[in-house]
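**Q** give the three-dimensional model of this entry:
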Amino acid sequence: MQNSFIAITFRVCSVFLILTAIGGAQSSDSSRTLESEERFIVETRHRLFPNFRQVDTVALGEVFLVGEEELKAEILKFNPHLGITDSGKYLQMSDTLYNPAVLVRLTLEDGRVQESWGFYVMDAPHYRRDNLFGFKLVDFKVGDKYIKLPEEK
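**A** Got it, this is the predicted structure:
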């Protein structure tokens, strides 16, 4: 059952990416295409079930379901250059895409809320000590308000 869920999730993401690439997908406002909106591809993993892997393409503030239990997740914030102070406070260091990350809020079945960052530069999802779910920012499309890194030669 879990493998079929993962396969369906990948098929849905693949179809969405193909439609977006050819310009055929549109948002609920027919005057704007998904191509012009900020989108984030987020990978969700489970600490206790290493074979669980779900990939979703979502917009900022869009609610998406995680797993078969219909846990609700949402991207609260995008930070192009995430920095953490010695006291543990998160801040935006600049508008340059040096360390992009998304803050994801997951509402568990019992009402508890888990918030954690999904990083773009790490190979694996980030797990906080007391969280069951970890997130990774696989890819993203953001507007021109952020400065892209110079091309490497």
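
**Q** drop to CA atoms for contacts and neighbour counts, all remaining ones
**A** Will do.

**Q** which residues in this protein form helices?
**A** Remark: helices assigned in the chain by DSSP state H are 2-22.

**Q** in it, which residue is closest to the centre?
**A** residue 42 (2.9 Å; CA atoms, centre = their mean).

**Q** separation between the residue nearest to that one when sequence neighbours are not counted and residue 111?
**A** Distance criterion CA to CA, 6 or more residues apart in numbering; nearest residue to residue 42, sequence neighbours excluded, is residue 137 at 4.8 Å. From residue 137 across to residue 111, the span is 25 Å (CA to CA, to the nearest Å).

**Q** tell me which of these two has more neighbours.
**A** For residue 137 versus residue 111, neighbours defined as other CA atoms under 10 Å are more numerous around residue 137 (25 against 9).

**Q** now for that one: which residues touch it?
**A** Counting by CA atoms under 8 Å, 6 or more residues apart in numbering, residue 137 touches 40, 41, 42, 43, 101, 102, 118, 119, 120.

**Q** can you tell me which two in these are farthest apart?
**A** With CA to CA as the measure, no two of these lie farther apart than 43 and 101, at 12.3 Å.
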